[in-house]
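Undergrad: Okay, predicted coordinates and the sequence, questions at the end:
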Amino acid sequence: MKKYRFLYTACSLLLLSLSLQSCLGLGSSTTTNSGDFKSMGANGSTIGINNTDKAIFKGKIYFTLNHNLYVLDGTRVPHQLTHNLTVSDPAVSPDGKWIAFSARFANYSNISYISVNGGPIHTVIIGKGQFYPPDADGNVFNDYYWCTQPTWSPDSKNILFLSDLQKQFYWSSLGSPFNKTYFSDPQIFTLPIGQPALAAKDISTTARVIAYASFGDGGDRDAMYRPHHSDQLVFTHYKYDATGTQQIIQLFLEDPNAIANNPGVYSPVSDPAVPLTPENTNKQSMEPAFSPDGNSLAFIQRESSTSMGLYIMPVANNVTKDSNNPTVEKAALQPFNHAVNILSRQYLSQPIWSPDGKQIAYLTYSNNVFDLWLANIGLTKAGKYTIVGSPVQLTSANGQLDGESRPFWST
């Protein structure tokens, strides 16, 4: 059995999830609360749900409170779905049958799913491993793995997820730094459901890599298929600039089958992804969310050290088949010039569209707690998105809402 360098602690993935909060000087938002918050029981405590007509929505919103999974429907009464697990990042399958999530433990995390009606937990991948004694150089090794942020393939037969599974692969052929250390930045992988749970250390020939990470700056996040385009996947990509001192955060679009269909062609230093946002340290874009029709993309942009913006832009078509072509890359970046800021706050994160495309929910951080907010959106005569009325606070969670766990909105 191979031994692997221990780079992750129990909190490292959590810190990655919260990386977008760094250097923001978080504090009170200028947005005012508007609503009558009805107290509801939740995990032995209470949270407030806005009971006014301003907070009406259709469908079901899944989120986590104290890392227990909850669903909130049009009745605005939260229902707890999991117990005695540290859950994050719920995702409902396109066929509406399953809810996938990550279950975190001290040194690893699993990917599991349950029926939307409750019932037994089905585990896809188990990240549990073991530690090994230090080697002669004092290096500590382990084969624990982090597996998180699941999302579904359009046919509901496969789960995509983030993981450091590739740390067992030794990229010596790529030269430095890959031939000197293990590659632990999370990448996007996929596994089929409906099979016995697999131990992470044993699935190198079963799990398929979908998108590579850049070495050393946090890897990939926020994978999401483009609706009505099974050959396109968007994600956030973290890397350093050429100096190795400045962080670049971009949105990329990729054909999820490109790596598998071209064995030996792509690697972490040459992958098939095409940028949708510029390589600019002053325009860090993250957390993409496609509109239900797949034609528009909402995302968060760091506007300054004290401000974040919610933007919406159109999406280029036919740009994933020849991603290394400069002309194609230019076409993929063109819609960014038409991105519209619809909301700015000191802290915004995790935007999600309503299934009818008429609302966006997002997280804010105010008075040292996270809460869910709703914004009604519409189109101007010029065809650009705008907020209709004022955003309204949906939850008053008293610090129980988990800010590092992305919510999910389904029909």
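TA: Arrived safely. Just so it is clear, the model here is predicted, and its values are computed rather than measured. Numbers count the residues shown, from 1 in each chain.
Undergrad: what are the pairing partners of the helix or strand encompassing residue 376, and which direction each?
TA: Assigned by DSSP states H and E, residue 376 falls within strand 369-379. Looking at strand 369-379 with DSSP bridges, its partner strands are strand 359-366 (antiparallel), strand 385-393 (antiparallel).
Undergrad: In that strand, which of the residues would be classed as buried?
TA: Neighbour counts over strand 369-379 (16 or more other C-beta atoms under 10 Å) mark 370, 371, 372, 373, 374, 375, 376, 377 as buried. For every residue, glycine as well, the C-beta is placed using N, CA and C.
Undergrad: Just say which of the strands paired with strand 369-379 is most tucked in.
TA: strand 359-366 (a mean of 23; mean count of other C-beta atoms under 10 Å).
Undergrad: Contact partners for residue 273?
TA: By C-beta atoms under 8 Å, 6 or more residues apart in numbering, residue 273 lies in contact with 211, 212, 235, 237, 252, 253, 254, 323.
Undergrad: Torsion angles phi and psi at it?
TA: phi -70, psi 150 (degrees, to the nearest 10).
Undergrad: so how far is residue 164 from it?
TA: 19 Å (C-beta to C-beta, to the nearest Å).
Undergrad: so residue 248 touches residue 282, yeah?
TA: No: the criterion here is C-beta atoms under 8 Å, and residue 248 misses it with residue 282 at 10.0 Å.
Undergrad: OK, contacts around residue 240?
TA: 214, 216, 217, 246, 247, 248.
Undergrad: neighbour-wise, which of those residues leads?
TA: Neighbour counts for the contacts of residue 240 (other C-beta atoms under 10 Å) peak at residue 248, which has 21 neighbours.
Undergrad: so for the one helix or strand that residue maps to, what's the average pLDDT?
TA: Take DSSP H and E as the rule and residue 248 turns out to sit in strand 247-254. Across strand 247-254, the average pLDDT comes to 96.
Undergrad: Stretch 369-384 too?
TA: pLDDT averaged over stretch 369-384 gives 95.
Undergrad: what's next to it, contact-wise?
TA: Contacts for stretch 369-384 (C-beta under 8 Å, 6+ apart): 31, 55, 57, 61, 63, 310, 312, 338, 340, 342-343, 357-364, 385-389, 391-399, 401-403, 407.
Undergrad: what's the offset of that stretch from the middle of its chain?
TA: On the basis of C-alpha atoms, centre = their mean, to the nearest Å, stretch 369-384 sits 20 Å off its chain's mean C-alpha point.
Undergrad: What of stretch 243-261?
TA: 14 Å.
Undergrad: now the end-to-end length of that stretch.
TA: Taking C-alpha to C-alpha, to the nearest Å as the measure, stretch 243-261 stretches 33 Å from start to finish.
Undergrad: Please spell out which residues along that stretch are buried.
TA: Result for stretch 243-261 [16+ other C-beta under 10 Å]: buried residues 247, 248, 249, 250, 251, 252, 253, 254, 255, 256, 258, 259.
Undergrad: Likewise for stretch 218-228?
TA: 218, 219, 220, 221, 222, 223, 224, 225, 226, 227.
Undergrad: I'd say the last one and residue 296 touch.
TA: No: Residue 227 is beyond contact range of residue 296, at 10.4 Å (criterion: C-beta under 8 Å).
Undergrad: Would you mind grabbing the residues shared as contacts by those two?
TA: In contact with both residue 227 and residue 296: residue 290, using C-beta under 8 Å, 6+ apart.
Undergrad: The spatially most central residue of the chain: which element?
TA: Centroid-nearest residue in the chain, with C-alpha atoms, centre = their mean: residue 222, separated by 2.7 Å. Using DSSP H and E, residue 222 sits in strand 220-226.
Undergrad: Parallel or antiparallel, which strands does that strand pair with?
TA: Strand pairing for strand 220-226, determined by DSSP bridges: strand 229-240 (antiparallel).
Undergrad: Residue 259 falls within a helix, correct?
TA: Yes: the assignment for residue 259 (DSSP: H, G, I helix; E, B strand; the rest coil) places it in a helix.
Undergrad: Return the residues in contact with it.
TA: By C-beta under 8 Å, 6+ apart, the neighbours of residue 259 are 208, 209, 210, 211, 212, 265, 266, 271, 272.
Undergrad: which ones among the residues you listed are found in strands?
TA: 208, 209, 210, 211 (DSSP state E).
Undergrad: how about the nearest residue to the first one, chain neighbours excluded?
TA: Nearest-residue entry for residue 208: residue 190, 5.2 Å, with adjacent residues in sequence omitted and distances by C-beta to C-beta, 6 or more residues apart in numbering.
Undergrad: From the contact counts, what lies against the helix or strand where residue 310 lies?
TA: Here residue 310 sits within strand 307-314, counting by DSSP H and E. Here strand 307-314 touches strand 296-304, strand 340-345, strand 348-353, going by 3 or more C-beta pairs under 8 Å, 6 or more residues apart in numbering; DSSP states H and E.
Undergrad: average pLDDT across it?
TA: 97.
Undergrad: Please point out which parts of the helix ranked longest in the chain sit buried.
TA: Ordering each helix of the chain by length in residues (DSSP state H) puts helix 326-333 first. Across helix 326-333, burial judged by 16+ other C-beta under 10 Å covers 328, 329, 332, 333.
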